[in-house]
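Student: fold the following for me, if possible:
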Amino acid sequence: MNVSLFLFTFLCFLLGLFTQRVSSQDRASTPPRGWNSYDSFIWTISEEEFSQNAEIMAKQLLPHGYEYAVVDYLWYRRKVPGAYVDSLGFDVIDEWGRPIPDPDRWPSSRGGKGFAEVAAKVHSLGLKFGIHVMRGISTQAVNANTLILDTNTGSAYKEAGRNWTAKDIGIKERTCAWMHNGFMSVNTELGAGKAFLRSLYKQYAEWGVDFVKNDCVFGEDLDVPEITYISDILKQLDRPILYSLSPGTRVTPDMAKAISGMVNMYRITGDDWDSWGDVLAHFDVTRDFAAADMIGAKGLLGKSWPDLDMLPLGWLSDPGSNDGPHRWTNLGLMEQRTQMTLWSMARSPLMFGGDMRQLNDVTMELLANPTVLEINSFSSNNREFSYVTSNVSAKAVENDDQVHTWQSRRHLTNAKTANTHALGLTTCADAKAIGWSSQALDQDPEHICWTANSRGKHQAPFCLNKRESLLAIDEDITDKQQYQGKVNLLANDGTDRCLHASPKQKLTSKDVKRGFFSPCRWDANQMWELNPNGTLVNSYSGLCARIDSLFEAKADTDVARSWIATGTKGEIYIAFFNLFGDWATITAQRADIVKELPMTNLARGSCTGSEVWTGQDLGVIGDAISFSVVPHGAALIVLHCI
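Tutor: From the prediction side, this is the model:
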């Protein structure tokens with residue numbers, strides 16, 4: 001081979017490596033879009049119903065960038081009497097303890113095919129195929145003590161001269177809090193635990209899966225070791241798979257920063273259903289993630305996106321139902337526009353949840369609005385804009401209970417002080433987690449109290465009764481060493497109820513009434529340890545507790561909220577949100593917007609504007625931008641400046 005030919009061949013080789021690397025680094029370059037079966041079918045969807053939805057999706061939504069067709073949870077559960085979300089013993093698993101599709105609902109899976117034929121059909125439609133999976137390993141597999149597959153040998157995993165089984169790797173003290181009978185964490189420090197997770201995700205790749213929604217590993221259910229190892233597995237697979245986390249109840253930016261680089265999207269709220277309260281609950285958390293520069297941050301071989309959950313529009317079912325879709329969304333048209341506007345301005349993934357077979361023109365116009373989709377995919381500088389005023393009568397505001405937007409936190413009542421407090425969870429490195437002490441009540445070591453952020457020196461601190469953890473004293477727990485120093489914390493109301501750090505069921509965004517106390521039991525999520533630096537860490541998630549008084553925790557009660565962003569061609573996007581149950585005129589001063597977006601032509605040029613949802617031409621923009629917004633509605637204004 002002559003020198004010239006050698007150099008040419010070598011350059012082609014380098015170009016191939018570069019091209020391969022660029023393509024592998026391009027996952028989730030924009031917020032993913034798709035359809036998910038949960039809002040319409042809960043867990044009961046069949047292969048026929050899924051295929052029908054995918055076919056319509058390919059015709060109607062794929063041209064607008066909705067490419068992921070996702071089967072949500074419990075596709076491995078038999079639909080028979082007695083089976084429900086937290087039932088035990090109804091799942092279909094293979095000899096290695098891995099969930100496989102219920103053959104009665106997914107007949108093409110028979111013969112060990114899994115989802116291969118379903119994925120092939122989805123791919124033939126031009127779509128990508130996704131599935132929902134739970135944390136770790138199923139309780140059913142642990143009870144059956146199945147062997148673990150070593151994908152390197154194709155046989156049972158062996159180490160130290162013996163076969164390893166499900167009971168060796170399942171951590172019973174770390175069951176999924178809202179599906180206690182369903183799944184538990186896997187010990188990723190063990191070679192056998194890693195082998196089990198590898199066998200799961202290699203199987204998904206063999207089936208042709210393009211998207212995995214991993215549930216009960218984030219938010220209060222945080223499992224960093226599992227997220228980390230799964231992310232490593234996905235990097236090594238030949239097939240690119242987008243990695244999504246769920247549910248994400250009460251996530252903070254500090255918490256998300258620990259995992260965002262390992263995933264492509266992650267839920268930052270509880271389940272979003274079709275109520276105005278659920279829509280309201282997204283405003284504060286979305287604001288916080290935008291301010292923390294988390295939108296479109298570095299992710300798994302590409303980018304990561306804070307996820308506001310699915311869009312419960314169109315024909316739906318009810319949460320927890322065992323039946324398929326049977327009703328229209330409870331959100332009014334203006335509320336649906338508000339949701340689409342916030343999701344687009346916050347650049348959340350757009351996952352439609354309604355039954356595609358009932359897709360009507362109204363829902364289609366919402367999902368396919370070209371300006372909304374342009375903002376969602378390509379806008380920048382997205383953040384809440386606080387310098388707006390609203391014109392609505394004070395009497396009307398006083399009478400409207402729905403203005404209050406603090407649905408995203410639960411509240412604790414201290415029986416001794418009669419003050420209401422809000423409990424939140426955050427990373428232990430967060431300075432706002434420091435404030436706990438066992439020396440607050442006359443040096444009484446039987447209490448742990450929150451003393452930070454008190455509104456006055458005469459205000460009694462928020463305190464909990466301390467006792468040794470039930471896990472630490474239980475005779476059936478073999479490894480008690482890890483529980484030394486851990487305590488249960490009881491409410492001050494005389495009942496045997498312990499503070500827990502994770503919900504007992506999958507919460508919706510609006511749910512604030514269940515509280516953080518539940519009957520004391522042998523759960524790691526009820527175990528706490530007081531650190532010398534004043535943080536109170538939970539044994540289940542490794543997160544730390546913080547308490548705000550109601551005065552501090554109550555979120556903004558503004559009638560109006562607003563977001564701003566910029567477009568790829570110099571457009572300026574302004575969204576006005578009316579959170580109130582009556583008309584409101586919302587105004588932003590041009591000079592204030594210029595301060596936020598100083599590099600745009602708004603500062604020096606002539607601007608014209610239009611409103612997206614109504615099509616109204618706003619003409620030439622003067623010193624202020626005003627729009628009269630319907631109750632619970634949104635105005636999405638586009639400015640073109642020269």
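Student: CA atoms for contacts and neighbours, from now on please.
Tutor: Noted.
Student: so what's Gly89 closest to, chain neighbours aside?
Tutor: Distance criterion CA to CA, 6 or more residues apart in numbering; nearest residue to Gly89, sequence neighbours excluded, is Gln140 at 6.0 Å.
Student: between the two ends of stretch 35-42, how far is it?
Tutor: This stretch, stretch 35-42, spans 13 Å end to end (CA to CA, to the nearest Å).
Student: can you list contacts of it?
Tutor: By CA atoms under 8 Å, 6 or more residues apart in numbering, the residues outside stretch 35-42 that reach it are 43, 45, 50, 57, 66-73, 273, 310, 312, 315-325, 351-355.
Student: just give the number of residues close to Gly332.
Tutor: Neighbours of Gly332 under the rule other CA atoms under 10 Å: 15.
Student: measure it to Leu308 for me?
Tutor: Distance from Gly332 to Leu308, by CA to CA: 19 Å.
Student: okay, Pro312: pLDDT?
Tutor: pLDDT for Pro312: 98.
Student: Trp436 too?
Tutor: pLDDT, Trp436: 92.
Student: in the stretch 451-600 of the chain, mark out all the strands, start to finish.
Tutor: Assigned by DSSP state E, counting those that start in this stretch, the strands in the stretch 451-600 of the chain fall at 462-468, 487-490, 497-499, 517-519, 528-530, 536-538, 544-549, 560-566, 572-578, 584-589.
Student: tell me the first helix or strand C-terminal of the helix or strand Asp39 falls within.
Tutor: Applying DSSP states H and E as the criterion places Asp39 in helix 38-41. Next along the chain after helix 38-41, taking DSSP H and E as the criterion, comes helix 47-60.
Student: okay, now Lys466: neighbour count?
Tutor: Neighbour count of Lys466, defined by other CA under 10 Å: 20.
Student: distance check, it against Thr427.
Tutor: 22 Å.
Student: could you do Arg604 as well?
Tutor: For Arg604, the distance to Thr427 - CA to CA - is 44 Å.
Student: touching stretch 630-638 from outside, list them.
Tutor: In contact with stretch 630-638 (CA under 8 Å, 6+ apart) are residues 276, 334-335, 337-338, 341, 571-584, 609-613, 627, 629.
Student: pretty sure Asp307 sits against Tyr266.
Tutor: Yes: using CA atoms under 8 Å, Asp307 is in contact with Tyr266, at 5.3 Å.
Student: more neighbours, Arg604 and Thr427?
Tutor: Neighbour comparison, Arg604 and Thr427: the larger count goes to Thr427, with 24 against 12 (by other CA under 10 Å).
Student: the more buried one contacts Cys544, correct?
Tutor: Yes: using CA under 8 Å, Thr427 is in contact with Cys544, at 5.8 Å.
Student: overlap of the contact sets of those two?
Tutor: Here Thr427 and Cys544 have Ala433 as joint contacts, going by CA under 8 Å, 6+ apart.
Student: quick check on Met527: phi, psi?
Tutor: The phi/psi pair for Met527 (degrees, to the nearest 10) reads phi -110, psi 130.
Student: touching, it and Leu490? I think so.
Tutor: No: counting by CA under 8 Å, Met527 stays clear of Leu490, with 10.9 Å between them.
Student: how about low-confidence regions in the stretch 151-300 of the chain?
Tutor: Along the stretch 151-300 of the chain, the model assigns pLDDT under 70 to no residue.
Student: can you give me the strands in it?
Tutor: Per DSSP E, counting those that start in this stretch, the stretch 151-300 of the chain carries strands over the ranges 155-156, 158-159, 162-163, 170-175, 183-186, 211-215, 242-246, 265-267, 297-299.
Student: hey, which of those is tucked in deepest?
Tutor: Most buried of these, by mean neighbour count (mean count of other CA atoms under 10 Å): strand 265-267, with a mean of 28.
Student: for that one, packing partners?
Tutor: Strand 265-267 sits against strand 242-246, strand 302-307, with contacts defined as 3 or more CA pairs under 8 Å, 6 or more residues apart in numbering; DSSP states H and E.
Student: nearest to Phe90, out of those strands?
Tutor: Phe90 lies closest, by CA to CA, to one member of these: strand 242-246, at 23.0 Å.
Student: just the angle for the closest one relative to strand 302-307, thanks.
Tutor: 30 degrees (axes from the mean of the first three to the mean of the last three CA atoms, to 10 degrees).
Student: I'd like the distance from strand 242-246 to the chain centre, please.
Tutor: Centre-to-centre, strand 242-246 and its host chain are 8 Å apart (CA atoms, centre = their mean, to the nearest Å).
Student: before we move on, what about stretch 66-75?
Tutor: Here the centre of stretch 66-75 is set off from its chain's centre by 15 Å, with CA atoms, centre = their mean.
Student: so for that stretch, first residue to last residue, what's the gap.
Tutor: Using CA to CA, one end of stretch 66-75 lies 22 Å from the other.
Student: Phe41 versus the nearest residue to Pro325 once chain neighbours are set aside, what's the distance?
Tutor: Take Pro325 and drop its neighbours on the chain: the residue closest to it by CA to CA, 6+ apart is Ser317, 4.1 Å away. For Ser317, the distance to Phe41 (CA to CA) stands at 6 Å.
Student: the nearest residue to Gly248 once chain neighbours are set aside: what's it in contact with?
Tutor: With sequence-adjacent residues excluded and distances taken as CA to CA, 6+ apart, Gly248 is closest to Gly219, at 4.0 Å. With contact set as CA under 8 Å, 6+ apart, Gly219 has these partners: Pro247, Gly248, Thr249, Arg250, Val251, Met255, Ile268.
Student: may I ask which two of these are separated the most?
Tutor: Maximum pairwise distance among the contacts of Gly219 (CA to CA): 13.6 Å, between Pro247 and Met255.
Student: between these two, which is the more surrounded one?
Tutor: Pro247 (30 against 21).
Student: doesn't Phe218 make contact with the more buried one?
Tutor: Yes: between Pro247 and Phe218 there is a contact at 6.5 Å, judged by CA under 8 Å.
Student: nearest the geometric middle of the protein, what residue?
Tutor: Arg267 (1.2 Å; CA atoms, centre = their mean).
Student: buried residues in stretch 305-321?
Tutor: 305-318 (16 or more other CA atoms under 10 Å).
Student: need those in JSON lines (columns: distance to Met345).
Tutor: Putting the buried residues of stretch 305-321 into JSON lines (distance: CA to CA, whole Å) gives the following:
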{"residue": "Trp305", "distance to Met345": "13"}
{"residue": "Pro306", "distance to Met345": "12"}
{"residue": "Asp307", "distance to Met345": "12"}
{"residue": "Leu308", "distance to Met345": "12"}
{"residue": "Asp309", "distance to Met345": "14"}
{"residue": "Met310", "distance to Met345": "15"}
{"residue": "Leu311", "distance to Met345": "15"}
{"residue": "Pro312", "distance to Met345": "18"}
{"residue": "Leu313", "distance to Met345": "18"}
{"residue": "Gly314", "distance to Met345": "21"}
{"residue": "Trp315", "distance to Met345": "25"}
{"residue": "Leu316", "distance to Met345": "25"}
{"residue": "Ser317", "distance to Met345": "27"}
{"residue": "Asp318", "distance to Met345": "28"}
